[in-house]
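Student: With the input below, show me the fold.
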Amino acid sequence: MEKFLKNQLEYGKPNENNPYVFTNSDLELILPITKAELKSRGFKFPSNDKFIAKIKMVFGRIIDLKLESKYIYINFLEKCSKNFIYHPNNIIDYFGIYAVKNDNYITDSYALPQIIDYQKMFPDIIHYENSLPKTVKSLDGGEPIKGNDEVSRYLWKDEKNLAKQRFENIETLVNRNKYLFNDSKASLVWLKFNDEYFLDCLVKVFGYVEDRDLLKWVLDRSLRDDKSREEEFYRILVTQTCDNKYVFHKEVFEVMAKADAKSKKNYLDFLRGGIDLPKIDGLSFSEDARIKALYCYYATKIDKNSMFSFFPKLDDEKYEEEFKRNNYYNLPDFKELYNDTRHGGIGLPM
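Tutor: Numbers count the residues shown, from 1 in each chain. Just a heads-up that it's a prediction; the model follows:
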């Protein structure tokens, strides 16, 4: 540990001009530390079966225990990519997590100073860090750039809020795991106040909608911003899988239908007046028609006062033929509802 700690201290806090190139060894070094922190904080490590099932349900990733790898990387920025994405200005926010096999938990790739009080654990290392120069040559991929001026080195010891950051990192580690694998409602509340990015990604990137409490929270947050709410709503409503399929989440409308009267009215006002039918790039006509059809079908069922607001937008022979060809998507009352409502009431213009 001391060897790797010296390497990390020598680079200091990574930045664009002086990035620290993390390796698998750096990650494996912190695993006993993160595991111990979880254990000391009362985390109940799930069985292999439960862990594998939850990772598949939430992130859509398959964990194969027969493979030698100790973990899999889950990419939040490009969910279908298994490549590590790292932002040197803030290594805690590098767009991904690791699912640790057999130990059965998730973790970020932390630098040692971000999770341990290294000066307390290794008192002699203080002298080493104090001896490091304050500047360093700019680097490109770990190699000095010829002829480039030196840049400031941001040493970990000079980070004023490092103790607070360590505390928050451990809190994040614990609450993410307790929420996902221990079904902790208290951890979900903590994440809502302290880790919005993680919760947003669960729903909008990976399409995790099984937790209605989480789904409603993400939905309500996404509809607050008038400028982007249409786009964000579509990210919640439809998830594109890595095999290029589109999953329509009827659970969004189920949340709307079960909301209190005031919330339901706000949802319907948004659906009826704030947006047109879903517009998602790259769809075939058949796929586009299916999503529009399901959108109208489930939106119609939210409230009887909304019955004539949606299907009139699909009053076109091309849609009728498509719906027939697909047996009305095997929804028993779709045909009746479609025929009864597409000519009735006053719908929004096409």
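
Student: Show me the longest helix that occurs in the chain.
Tutor: Assignment by DSSP state H gives helix 162-182 as the longest helix of the chain.

Student: Name the residues that touch that helix?
Tutor: 34, 37-38, 41, 43-46, 50-51, 54, 58, 92, 97, 104-108, 110, 113-117, 156, 159, 184, 186-188, 190-191, 194-195, 198 (C-beta atoms under 8 Å, 6 or more residues apart in numbering). Every C-beta, even on glycine, is put in place using the N, C-alpha and C of the backbone.

Student: low-confidence ranges in the stretch 151-300 of the chain?
Tutor: Low-confidence segments of the stretch 151-300 of the chain (pLDDT under 70): 274-275.

Student: What segments of it are strands?
Tutor: 238-240, 246-248 (DSSP state E, counting those that start in this stretch).

Student: Pick the most buried one from those.
Tutor: Sort those by mean neighbour count, taking mean count of other C-beta atoms under 10 Å, and strand 238-240 sits at the top with a mean of 19.

Student: tell me what that strand is packed against?
Tutor: strand 246-248 (3 or more C-beta pairs under 8 Å, 6 or more residues apart in numbering; DSSP states H and E).

Student: Does residue 70 touch residue 107 like I think?
Tutor: No: applying C-beta atoms under 8 Å, one finds residue 70 not in contact with residue 107, separated by 11.6 Å.

Student: what touches both of these two?
Tutor: Common neighbours of residue 70 and residue 107 (C-beta under 8 Å, 6+ apart) are 31, 100.

Student: Once you drop chain neighbours, what's closest to residue 199?
Tutor: residue 191 (5.5 Å; C-beta to C-beta, 6 or more residues apart in numbering).

Student: ok, that neighbour - how many residues close by?
Tutor: Number of residues near residue 191 (other C-beta atoms under 10 Å) recorded here: 24.

Student: same question, residue 124
Tutor: Residue 124, neighbours per other C-beta under 10 Å, totals 8.

Student: circling back to that earlier point, buried among the contacts of helix 162-182? Need that as a selection in ChimeraX.
Tutor: Selection of buried members from the contacts of helix 162-182 for ChimeraX, criterion 16 or more other C-beta atoms under 10 Å:
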select :34,37,38,43,45,46,51,54,58,97,104,105,106,107,108,110,113,114,115,116,156,184,187,188,190,191,195,198
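
Student: Pull the contacting residues for residue 233.
Tutor: Residue 233 neighbours (C-beta under 8 Å, 6+ apart): 219, 222-223, 270, 275.

Student: JSON lines please, covering those and showing neighbour count.
Tutor: Formatted as JSON lines, the contacts of residue 233 follow (neighbours: other C-beta atoms under 10 Å):
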{"residue": "219", "neighbour count": "24"}
{"residue": "222", "neighbour count": "20"}
{"residue": "223", "neighbour count": "18"}
{"residue": "270", "neighbour count": "15"}
{"residue": "275", "neighbour count": "16"}
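
Student: Let me have those in TSV, adding distance to residue 27 as columns.
Tutor: Below are the contacts of residue 233 laid out as TSV (distance: C-beta to C-beta, whole Å):
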residue	distance to residue 27
219	34
222	33
223	38
270	43
275	43
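
Student: Tell me the one of those residues nearest residue 297?
Tutor: Lowest distance from residue 297 to the contacts of residue 233 (C-beta to C-beta) belongs to residue 275, with 16.4 Å.

Student: A strand includes residue 34, no?
Tutor: No: with DSSP: H, G, I helix; E, B strand; the rest coil as the criterion, residue 34 is helix rather than part of a strand.

Student: Not counting its neighbours along the chain, what's nearest it?
Tutor: Per C-beta to C-beta, 6+ apart, closest to residue 34 is residue 107, 4.7 Å.

Student: follow-up on the earlier one: show me the contacts of residue 233 that map onto helices.
Tutor: 219, 222.

Student: Specify the residue ranges that define each domain of the protein.
Tutor: 2-165, 209-341 (automatic domain parsing).

Student: Using CSV, lay out these together with distance to residue 172.
Tutor: Output for the domains of the chain, formatted as CSV (distance: least, C-beta to C-beta, whole Å):
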stretch, distance to residue 172
domain 2-165, 8
domain 209-341, 16
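
Student: a markdown table for the strands of the stretch 151-300 of the chain, including distance to residue 305?
Tutor: Shown next, in a markdown table, are these (distance: least, C-beta to C-beta, whole Å):
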| stretch | distance to residue 305 |
| --- | --- |
| strand 238-240 | 25 |
| strand 246-248 | 23 |
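
Student: Between those strands, which one is closest to residue 342.
Tutor: Among the strands of the stretch 151-300 of the chain, strand 246-248 sits nearest to residue 342 (C-beta to C-beta), with 19.6 Å.

Student: who touches the helix or strand containing residue 97?
Tutor: Using DSSP states H and E, residue 97 sits in strand 96-100. For strand 96-100, the surrounding residues in contact (C-beta under 8 Å, 6+ apart) are 27, 31, 35, 51, 55, 59, 61, 63, 70-77, 84-85, 105-109, 176.

Student: mind running it again at 6 Å?
Tutor: Applying C-beta atoms under 6 Å, 6 or more residues apart in numbering, the set of residues contacting strand 96-100 from outside is 55, 71-76, 85, 106-108.
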